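**Student:** Next one to model:
(2 chains)
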There are 2 protein chains.
Amino acid sequence: MQAERMEHVSFPPLSRVAICGGTHGNELSGVYIVREMQKQQQDKVGSVSVIAVLSNPRAIDVCRRYTETDLNRCFKSALLSSPITDSAPYELRRAQELNAQLGPKGSENAVDLLVDLHNTTSNMGVTIIMDSKNHLTAHIFKYIQTNMAPVPVSGIVMDQPPSESYSLDSVSKWGFSIEVGPQPHGVLRADIFNMMKKALDLTLEWIQKFHSGCTFEGGDMEAYGWVKSVDYPRDPLNGELTAAIHPNLQDNDFKLLQPGDPLFLSFSGETVKHEGEALYPFFVNECAYYEKKIAFHLARKMTQTFPSVSVKRN
Amino acid sequence: MQAERMEHVSFPPLSRVAICGGTHGNELSGVYIVREMQKQQQDKVGSVSVIAVLSNPRAIDVCRRYTETDLNRCFKSALLSSPITDSAPYELRRAQELNAQLGPKGSENAVDLLVDLHNTTSNMGVTIIMDSKNHLTAHIFKYIQTNMAPVPVSGIVMDQPPSESYSLDSVSKWGFSIEVGPQPHGVLRADIFNMMKKALDLTLEWIQKFHSGCTFEGGDMEAYGWVKSVDYPRDPLNGELTAAIHPNLQDNDFKLLQPGDPLFLSFSGETVKHEGEALYPFFVNECAYYEKKIAFHLARKMTQTFPSVSVKRN
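**Tutor:** Below is the predicted model:
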């Protein structure tokens, strides 16, 4: 079914762009991309003012995801305005600093676009995680996808009111995350680094074209919408895993799971199978999600329509 | 050149075997194999008394390599006999406990065989790390290699006087390590788990045959002997990496590096090439070795001759 044609929309320029790496201190592609930008003092790319930020310096120093709490869960409006006590975790203080520097969230002063750079141990290729109602990001996603083929570029859409968005990119007017994997946390791989760098370069290239007056045609995009999360089978007594992701599911992010397909292989050799609706898995066996009790997420694939866009002239 | 035929050697039975996992707390295959053995209270396998040990419980609890210092560098004789002060790292105390339980190192009371289970982020398949003069281990290695084909099984030989051996397996009379990768630390993959389990099952199977009176023919084996370690190119000012492992080297452990072959790709795009003798890389881009300033090791391939063996009857 062809989605209804949408009206053309014009947007103000994306004059101020923040590139953030090390929001999780052991996801090294973003850490090294940002460090390189800082070394080159690259504060202007064509018509765009760019600020490169290492989000969680303490976690980067110790090469861990975070020191006290996950920084990328600290950006809900209520947390950003909560008073800081002596016992507040470092990451909450850092979130408020970042909000002051790059936001404040929801205000006119916030940077126009924040691109947050992440890695995953899951085999997700390049994945853009974006707000479902963000038409500019939809265009950038399509641009990256088209220009990086045959590298797989997937889109995940999130649907939350901005005040409830907990991630760093929600501080800006138009933010999104780039996840690239598979890469072990604490390891830097040149192939993953190059894919992330390419996605970032294409983002800035798109903005140049946008600023120069191009009209980008509207259209449809396929993206994944989160349905539910699934935990590992665990021993009820001590919470320890009793099974691993099944080899048929491992490394098969974004491949449709049909009812009856294997999910887990227990240490005693039994297979746990998928039941119910056919859905798409992602973040399969992501290292950082063991403690969050998530073995993988399941999504529905959906088609989203976005309008043609161009820059709004003053 | 055919190596000279060696005399037949008979050895006492390997009556007491220790299987150790979690010597590094975030290398999960061994942690879960040992936990399963403990659950099944598997203290006897045929003619072998088996003890399954979680080596570093505190590191396992926090899913890190270690809490204060690398446990698998704490087993030199001098460290094992050093007095424990209040400021001694937990891992040194734990090493002395393990030495009391499974050793003492160099004594008649030590367990006959200690198999220490490890994972690596490097693409090393199944790798047996053993003492160059250990004929029993050479036989077990060949048995694993023959029975796991086409899974790649490589051997690395170390040449240190026992007192200078720093690893846990040196506590036993005949010890070796099984390294299996690639697997991100903190992640459990069913394929890697199954490979490690298979190598361990074959070890115990070999011992059963040995005890039952089989004579194992002598022969030659190919193994890698460490020559030197190579660090990442770093910024002399702050020690930060200025390059990643080159994509041509990444995942190519045990593939011969010729002079002129690429080693590193710098963030500004330059390639660093291998110079000098052709050598074999291993532990390429191992996560835990960044802090040890090792990007990879280089080895020479050598042929080792081992004698036929059988069990010594009382």
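**Student:** residue boundaries of the helices in the stretch 51-200 of chain A?
**Tutor:** Secondary structure of the stretch 51-200 of chain A by DSSP state H, counting those that start in this stretch: the helices cover A:57-62, A:77-80, A:90-102, A:135-148, A:190-211.
**Student:** Any idea which of the ones you listed gets closest to B:Glu277?
**Tutor:** Proximity to B:Glu277 (Cβ to Cβ) singles out helix A:190-211 among those, at 24.5 Å. All C-beta spots, glycine's among them, are computed from the backbone N, C-alpha and C.
**Student:** quick check, distance from that closest one to the centre of its chain.
**Tutor:** 15 Å (Cα atoms, centre = their mean, to the nearest Å).
**Student:** Determine if any part of that helix is in contact with chain B.
**Tutor:** Yes: legend: contact between helix A:190-211 and chain B by Cβ under 8 Å from any Cβ of the partner chain is shown at A:190-191, A:193-194.
**Student:** Would you format those residues as TSV with pLDDT and neighbour count included?
**Tutor:** As requested, these are exported to TSV (pLDDT from 0 to 100; neighbours: other Cβ atoms under 10 Å in any protein chain shown):
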residue	pLDDT	neighbour count
A:Ala190	98	22
A:Asp191	97	16
A:Phe193	97	23
A:Asn194	97	16
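**Student:** any idea which of these is closest to chain B?
**Tutor:** A:Ala190 (4.2 Å; Cβ to the nearest Cβ).
**Student:** Up against chain B, what does chain A have?
**Tutor:** So chain A meets chain B at A:32, A:35-36, A:63, A:121, A:182-191, A:193-194, A:240-241, A:244-247, A:250, A:265, A:267-268, A:285, A:287, A:290-291 (Cβ under 8 Å from any Cβ).
**Student:** A:Asn252 versus A:Gly30, what's the distance?
**Tutor:** Counting by Cβ to Cβ, to the nearest Å, the gap from A:Gly30 to A:Asn252 is 25 Å.
**Student:** Compare the two (neighbour count), which wins?
**Tutor:** Neighbour totals were compared for A:Gly30 and A:Asn252, and A:Gly30 leads with 29 against 19 (other Cβ atoms under 10 Å in any protein chain shown).
**Student:** thought A:Val115 was touching A:Gly21?
**Tutor:** No: with contacts counted by Cβ atoms under 8 Å, A:Val115 stays clear of A:Gly21, the gap being 9.5 Å.
**Student:** Pick out whichever of the two has more residues nearby.
**Tutor:** The residue with more neighbours, out of A:Val115 and A:Gly21, is A:Gly21; 31 against 25, by other Cβ under 10 Å.
**Student:** re earlier: among the residues of helix A:190-211 next to chain B, which two are most distant?
**Tutor:** The farthest-apart pair in the residues of helix A:190-211 next to chain B, when distances are taken by Cβ to Cβ, is A:Asp191 and A:Phe193, at 7.2 Å.
**Student:** residues shared between the contacts of those two?
**Tutor:** Both A:Asp191 and A:Phe193 lack any common contact, where contact means Cβ atoms under 8 Å, 6 or more residues apart in numbering or on different chains.
**Student:** From the residues of helix A:190-211 next to chain B, pick the one nearest B:Gly106.
**Tutor:** The closest of the residues of helix A:190-211 next to chain B, once distances to B:Gly106 are taken by Cβ to Cβ, is A:Ala190, at 44.6 Å.
**Student:** helix/strand/coil for the closest residue to that closest one other than its chain neighbours?
**Tutor:** Spatial nearest neighbour of A:Ala190, chain neighbours left out: B:Ala244 (4.2 Å); criterion: Cβ to Cβ, 6 or more residues apart in numbering or on different chains. Taking DSSP: H, G, I helix; E, B strand; the rest coil as the rule, one finds B:Ala244 in the strand state.
**Student:** now do the same end-to-end measure for stretch A:18-27.
**Tutor:** Using Cα to Cα, to the nearest Å, the end-to-end distance of stretch A:18-27 comes to 18 Å.
**Student:** circling back to that earlier point, just say which of the helices of the stretch 51-200 of chain A is most tucked in.
**Tutor:** helix A:135-148 (a mean of 21; mean count of other Cβ atoms under 10 Å in any protein chain shown).
**Student:** what helices or strands is that helix leaning on?
**Tutor:** Using 3 or more Cβ pairs under 8 Å, 6 or more residues apart in numbering or on different chains; DSSP states H and E as the contact test, the elements touching helix A:135-148 are strand A:9-11, strand A:125-131, strand A:153-158, strand A:174-181, helix A:190-211, strand A:219-230, strand A:296-306, strand A:309-311.
**Student:** repeat that for 6 Å
**Tutor:** Secondary-structure packing of helix A:135-148 (3 or more Cβ pairs under 6 Å, 6 or more residues apart in numbering or on different chains; DSSP states H and E): strand A:153-158, helix A:190-211.
**Student:** With the flanking residues excluded, which residue is spatially nearest to the closest residue to chain B within the stretch 151-300 of chain A?
**Tutor:** In the stretch 151-300 of chain A, the residue that lies nearest chain B is A:Pro184 (3.4 Å; Cβ to the nearest Cβ). With sequence-adjacent residues excluded and distances taken as Cβ to Cβ, 6+ apart, A:Pro184 is closest to B:Pro184, at 3.4 Å.
**Student:** for A:Glu164, same thing?
**Tutor:** Nearest non-adjacent residue to A:Glu164, counting by Cβ to Cβ, 6+ apart: A:Lys76, 5.9 Å away.
**Student:** Just the pLDDT for that neighbour.
**Tutor:** With respect to pLDDT, A:Lys76 has a value of 96.
**Student:** Surely it touches A:Ser165?
**Tutor:** No: applying Cβ atoms under 6 Å as the test, A:Lys76 and A:Ser165 come out as separate, 7.0 Å apart.
**Student:** ok, and the helix or strand in chain A with the lowest average confidence?
**Tutor:** strand A:44-45 (a mean of 87; mean pLDDT, DSSP states H and E).
**Student:** Return the list of helices and strands in contact with that one.
**Tutor:** Secondary elements touching strand A:44-45 (3+ Cβ pairs under 6 Å, 6+ apart): none.
**Student:** Please repeat the previous calculation with a cut-off of 10 Å.
**Tutor:** Strand A:44-45 sits against helix A:190-211, with contacts defined as 3 or more Cβ pairs under 10 Å, 6 or more residues apart in numbering or on different chains; DSSP states H and E.
**Student:** thinking again about what came up before, what is the neighbour count of the residue nearest to A:Ala190?
**Tutor:** 27.
**Student:** ok, what's across the strand from it?
**Tutor:** B:Leu265 (DSSP bridges).
**Student:** what pLDDT does it get?
**Tutor:** For B:Ala244, pLDDT reads 98.
**Student:** That one and B:Val230: what is the separation?
**Tutor:** 13 Å.
**Student:** And for A:Met302?
**Tutor:** Distance from A:Met302 to B:Val230, by Cβ to Cβ: 48 Å.
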